[in-house]
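> Give me a 3D structure for the following:
(chains A and B)
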Amino acid sequence: MSFSMEEDEFFGEKVFQHYCAEFIKHSQQIGDGWEWRTSKDCSDGYMCKTHFQIKSGTLVSHPETSAHAQTCLPMEEALESPLDDSEVTETDTATEVIKYEYHVVYSCSYQVPVLYFRASFLDGKPLALKDIWERVHECYKTRLLQGPWDTITQQEHPILGQPFFVLHPCKTSEFMTPVFKSSQKTNRNFNYITSWLSIVGPAVGLNLPLSYARAASWDE
Amino acid sequence: MHYPIGLLFDLLASSSALPWNITVHFKSFPEKDLLHCPSKDVIEAHFMSCVKEADALKHKSQVINEMQKKDHKQLWMGLQNDRFDQFWAINRKLMEYPAEENGFRYIPFRIYQTTTERPFIQKLFRPMAADGQLHTLGDLLKEVCPSAIAPEDGERKNQVMIHGIEPMLETPLQWLSEHLSYPDNFLHISIIPQPTD
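Sure, this is the predicted structure:
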């Protein structure tokens, strides 16, 4: 007995997996680090990426650098948010390495992709939501701060079961539908995942190189 | 955990006598495994998030979105203060469906088993078939969790439990959703091994 999906559901799980596969193909071409993971007990899965951000505590001698200088790996301007004084360490060589993990999972309830993320220090100690805030670029902070618990909540990862922060998906359909509709009119190469991730990712420190926009779509 | 306490009991301790003795820890919070609950606001946000998701499934979010913020607040306050009438005044709207339909669009449910890494099974499932026949609890399990229902010739290996009782597998899912959902509007179903006594 199988139950077929509704016709008006244009973003079903299979479509999601297809856009992810295309996205990952381009990621592999440019070494952007995204990969697909299948769940052990089922055919569903998710896309994930890990990146490490390294921050130096202080730079002692160089006169042109500020006391809060930091190097980010990979180089992303959006991450250069100013640190609190409390984060400047005393020693010259103290570095803070933060591991960020981003997962793109399909939500069957909202029929859209959802961004799950978490961050931890190398010793495994997780970052709290407020620590993540501090690393969000100013231009996104205002909107997110208006109701952080409305847009970001902590939830169980639906496949792994561990706590992750989640960008709430209830508005995704609202802002993605015009993008999808206009792409159909102009016949541009369209990858839902690329467009969606380029909109929601930067608010939480995830940036996409521009080459994704030029990548071939699955029609070619 | 942020799971309803009744669900935790069914899933982990259903064979225990009441009162349920639990051990409370004050050190070494397992950050990687459990969600924190730093404040009541977080719990409220989590609860509302579940209610919204349930309505996305039942009504494409139409009912919850038509409500005002004060209605959402009333739902939470009714639950928090154990005022059923206050809660139900709002929640009953989430349990209605258009006259031309025979039920919700999809049924909000989650199936829990302690034996899997995946925290729960949740999929799209309609309350009735294309021919109008109401789907039952048994139909749901057969489709999304067939291992829960033992073969007809064998002894049932598992109990299927909601709110501490085992509803008959012939029960229509639409009815269960309207009457046996938790306050967050989800049917939280536990699959546990048959007790051996």
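> quick one: the helices in chain B?
In chain B, the segments counted as helices under DSSP state H are B:5-13, B:40-59, B:62-66, B:69-80, B:84-94, B:137-144, B:173-179.
> same question, chain A
Under DSSP H, chain A gives helices at A:13-30, A:129-134, A:138-145, A:148-151, A:172-186, A:192-200, A:211-214.
> do you know how far residue A:49 is from chain B?
Computed as Cβ to the nearest Cβ, to the nearest Å, the residue A:49 to chain B distance reads 19 Å. Where C-beta positions appear, they are placed from N, C-alpha and C, glycine not excepted.
> Check whether that residue really touches residue A:35, as I assumed.
Yes. With contacts counted by Cβ atoms under 8 Å, residue A:49 reaches residue A:35, the gap being 7.3 Å.
> more crowded one of those two?
More neighbours surround residue A:49 than the other of residue A:49 and residue A:35, with 17 against 12 (other Cβ atoms under 10 Å in any protein chain shown).
> wait, isn't residue A:189 in contact with residue A:215?
Yes. Counting by Cβ under 8 Å, residue A:189 does reach residue A:215; the two are 7.4 Å apart.
> re the thing from before, quick one, which of the helices of chain B gets closest to residue A:11.
With distances scored as Cβ to Cβ, the stretch of the helices of chain B nearest to residue A:11 is helix B:40-59 (13.5 Å).
> Report the angle between the closest one and helix B:84-94.
Orientation check (axes from the mean of the first three to the mean of the last three Cα atoms, to 10 degrees): helix B:40-59 against helix B:84-94 gives 40 degrees.
> dump the residue contacts of residue B:195.
B:14, B:15, B:159 (Cβ atoms under 8 Å, 6 or more residues apart in numbering or on different chains).
> From those residues, list the buried ones, please.
residue B:159 (16 or more other Cβ atoms under 10 Å in any protein chain shown).
> Just the ones of the contacts of residue B:195 in strands?
Residues of these located in strands (DSSP state E): residue B:159.
> near chain A, from the contacts of residue B:195?
The subset of these within reach of chain A, by Cβ under 8 Å from any Cβ of the partner chain, is empty.
> Take the contacts of residue B:195 and lay them out in JSON lines including distance to residue B:110.
Compiled in JSON lines, those are given as follows (distance: Cβ to Cβ, whole Å):
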{"residue": "B:14", "distance to residue B:110": "17"}
{"residue": "B:15", "distance to residue B:110": "22"}
{"residue": "B:159", "distance to residue B:110": "17"}
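> out of the contacts of residue B:195, who's nearest residue A:124?
residue B:14 (33.7 Å).
> That closest one contacts residue B:161, correct?
Yes. With contacts counted by Cβ under 8 Å, residue B:14 reaches residue B:161, the gap being 6.6 Å.
> partner strands of the longest strand anywhere in chain B, parallel or antiparallel?
Assignment by DSSP E gives strand B:187-193 as the longest strand of chain B. In its sheet, strand B:187-193 lies beside strand B:109-113 (parallel), strand B:158-161 (antiparallel), with partners assigned from DSSP bridges.
> Lowest average pLDDT across those strands?
Of all the strands paired with strand B:187-193, strand B:158-161 carries the lowest average pLDDT, namely a mean of 93.
> from the chain's centre, how far out does that strand sit?
Computed by Cα atoms, centre = their mean, to the nearest Å, the chain-centroid distance of strand B:158-161 equals 14 Å.
> Tell me which residues touch residue B:23, please.
By Cβ under 8 Å, 6+ apart, residue B:23 has no neighbours at all.
> err, residue A:21, not the other one
residue A:36.
> And it, how far from chain B?
From residue A:21 to chain B the distance is 21 Å (Cβ to the nearest Cβ).
> number of nearby residues for the residue nearest to residue B:181 when sequence neighbours are not counted?
Distances taken as Cβ to Cβ, 6 or more residues apart in numbering or on different chains put residue B:187 closest to residue B:181, at 5.4 Å, once the chain neighbours are dropped. Look at residue B:187: counted by other Cβ under 10 Å, it has 22 neighbours.
> and residue 84, what pLDDT?
Chain wasn't specified; assuming chain A. Looking at residue A:84, the pLDDT reads 47.
> I was thinking of chain B, sorry if that wasn't clear
pLDDT at residue B:84 comes out at 96.
> just checking, it touches residue B:91?
No. Contact criterion Cβ under 8 Å: residue B:84 and residue B:91 do not qualify, at 9.4 Å.
> which one of these two has more residues nearby?
Between residue B:84 and residue B:91, counted using other Cβ under 10 Å, the more crowded position is residue B:91 (19 against 12).
> dump the residue contacts of that one.
Contacts of residue B:91 by Cβ under 8 Å, 6+ apart are B:75, B:78, B:183, B:185.
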